[in-house]
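Participant: Coordinates only, no sequence provided:
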Ligand code: C2E
Ligand code: CA
Ligand code: CA
Ligand code: CA
C-alpha cells in the first residue's frame, strides 16, 4: 500500500499536469470547433501510376482556427478518439466530403471515388450503415463514389465482426481499403477473408525503399495484394525515384507530395480543372 501511495504521487507530477491541461484545452477547442464549424476537409489526389491520371482522392480533416491557422489531425485525432468526439468529427468529414464530390461530379470535373478515413470507434458504431446511408441520401452521392479507409488495427480488434460490417458496406457498392498496411499486426489468414478492394502501403515502407531490403518488402506486399486481387496504393510518395521503383514493382496507384499535398476544397477544384485541360 505504501508503494501505491508513492505511485499516486508520481502520477500528479508537473509534466503530467501540463499534458492533462493541454488535453483539456484541445478537447474544449474541438467542442467549440464542432459548434462553430471549424473542421474543414482537405483532399489529396490519387493518381494511376501508368496513365498519370487522377483516379480518386483522400479526404483528410483539418482544424482551421479562428485566426486561420491549420491544426493537423495527428495532434487532435488521438484525443478525439479518447473523448469520443471523433464520432461527430467523422460525421462532419463524411458529409463535407460527399457534398464536395457530388458538386465536382455535377460540374463534370470528376467521376472517381473519394476515400474517407473511418476511425475505430466509428467502425464499431451499431448504426454505422444507417449513418452512411443518411449522408449519401442527403448529399445525393451514389454509394459507388465512396471508399472507406479502415486501418489494420481497427479490423483486427474483432475480425469476424469486422467482416460482417465490411460485407454490409460492400453490399451498398462502397469500396473498402485497408489503410496503413504493414504497421499493425494483421494476420494473413484474415487478410484474404476481409472483403477489401484496396490495400494501402504505409508511407514508412515507401520511405524505406532506398535500401534493397526495403524495396523487397514493398515488392512482397504488392505481390501479396495482387494475389488477393487487391488494388495497391502507395502513400507518401515524394520523389521521382520512388515513383520509378513503384512502377517497376507494378504498384497501381500513388498518393503523395510528388503529385500534390492535400488541398483545400477550393484548391482541389482548381486542380481538377487543370487535370481536365490535360
Ligand atoms: P493517413 O490516413 O495515413 O493519411 C496519410 C497522411 O500522410 C496524411 O497526413 C497526408 O497528408 C500525409 N501525406 C501524404 N503524402 C505525403 C507525402 O508525400 N509526404 C508526407 N510527409 N506526408 C504525406 P494528415 O492529413 O496529417 O493525416 C494524418 C493521419 O490522421 C491520417 O493518416 C489518418 O490516420 C488521420 N486522419 C486524417 N483525417 C482523418 C479523418 O477524417 N478521420 C480519421 N478517423 N482520421 C483521419
Ligand atoms: Ca488514410
Ligand atoms: Ca494511410
Ligand atoms: Ca499512414
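Facilitator: Done, it's in. Keep in mind that what you see is a predicted model, and the values were worked out from it rather than measured. Ligands and ions are numbered 1, 2, ... in the order given.
Participant: Double-check that residue 115 belongs to a strand.
Facilitator: Yes - counting by DSSP: H, G, I helix; E, B strand; the rest coil, residue 115 is located in a strand.
Participant: burial count for the residue nearest to it when sequence neighbours are not counted?
Facilitator: Of all residues beyond its chain neighbours, the one nearest residue 115 is residue 147 (4.2 Å), with distances taken as CB to CB, 6 or more residues apart in numbering. Backbone N, C-alpha and C define where each C-beta goes, glycine included. Each residue near residue 147 was counted by other CB atoms under 10 Å, and the total is 22.
Participant: Please report how far the residue nearest the centre of the chain lies from residue 198.
Facilitator: The residue lying closest to the centre of the chain (CA atoms, centre = their mean) is residue 117, at 3.5 Å. According to CB to CB, to the nearest Å, residue 117 stands 13 Å off from residue 198.
Participant: and what of residue 116?
Facilitator: The value you get for residue 116 to residue 198, if CB to CB is used, is 13 Å.
Participant: what's the overlap in contacts for those two?
Facilitator: Overlap between the contact sets of residue 116 and residue 198, as judged by CB atoms under 8 Å, 6 or more residues apart in numbering, is given by residue 147.
Participant: okay, the two: which has more neighbours?
Facilitator: The residue with more neighbours, out of residue 116 and residue 198 and counting by other CB under 10 Å, is residue 116; that gives 26 against 23.
Participant: For the more buried one, give me its contacts.
Facilitator: Residue 116 sits next to 58, 59, 93, 94, 97, 146, 147, 148, 149 when contact means CB under 8 Å, 6+ apart.
Participant: Just name the closest of the residues you listed to ligand 3, please.
Facilitator: Proximity of the contacts of residue 116 to ligand 3 (CB to the ion) peaks at residue 149, which lies at 6.4 Å.
Participant: Tell me how many other residues crowd the closest one.
Facilitator: Other residues near residue 149 come to 21 when the count uses other CB under 10 Å.
Participant: Now that residue 34 has come up, it's in contact with residue 92, right?
Facilitator: Yes - here residue 34 lies in contact with residue 92, judged by CB atoms under 8 Å, at a distance of 7.1 Å.
Participant: how about the residues of this protein near ligand 1?
Facilitator: With CB under 6 Å from any ligand atom as the criterion, the chain comes near ligand 1 at residues 44, 60-61, 72-74, 77, 86, 90, 93, 117, 119, 179-180, 203, 235-238, 255-257, 262.
Participant: In helices, which of those residues fall?
Facilitator: In this view, those that belong to helices under DSSP state H are 73, 74, 77, 86, 90, 93, 203.
Participant: how many neighbours does the nearest residue to the last one once chain neighbours are set aside have?
Facilitator: In other words, residue 203. With CB to CB, 6+ apart as the measure, residue 236 is the residue that lies nearest to residue 203, at 2.8 Å, once sequence neighbours are left out. Neighbours of residue 236 under the rule other CB under 10 Å: 18.
Participant: before we move on, what about residue 170?
Facilitator: As a burial measure, residue 170 scores 14 neighbours (other CB under 10 Å).
Participant: Which residue is the nearest non-sequential neighbour of it?
Facilitator: Leaving out its chain neighbours, the residue that sits closest to residue 170 by CB to CB, 6+ apart is residue 195, at 4.9 Å.
Participant: Name the SS class of that neighbour, please.
Facilitator: Of the three states, residue 195 takes coil according to three-state DSSP.
Participant: Quick check: the single nearest residue of the stretch 101-250 of the chain relative to ligand 3 vs ligand 4, distance?
Facilitator: Closest approach between the stretch 101-250 of the chain and ligand 3, counting by CB to the ion: residue 179, at 4.2 Å. When CB to the ion, to the nearest Å is applied, the distance between residue 179 and ligand 4 equals 7 Å.
Participant: just residue 157 next, same as before
Facilitator: Taking CB to the ion, one finds residue 157 at 18 Å from ligand 4.
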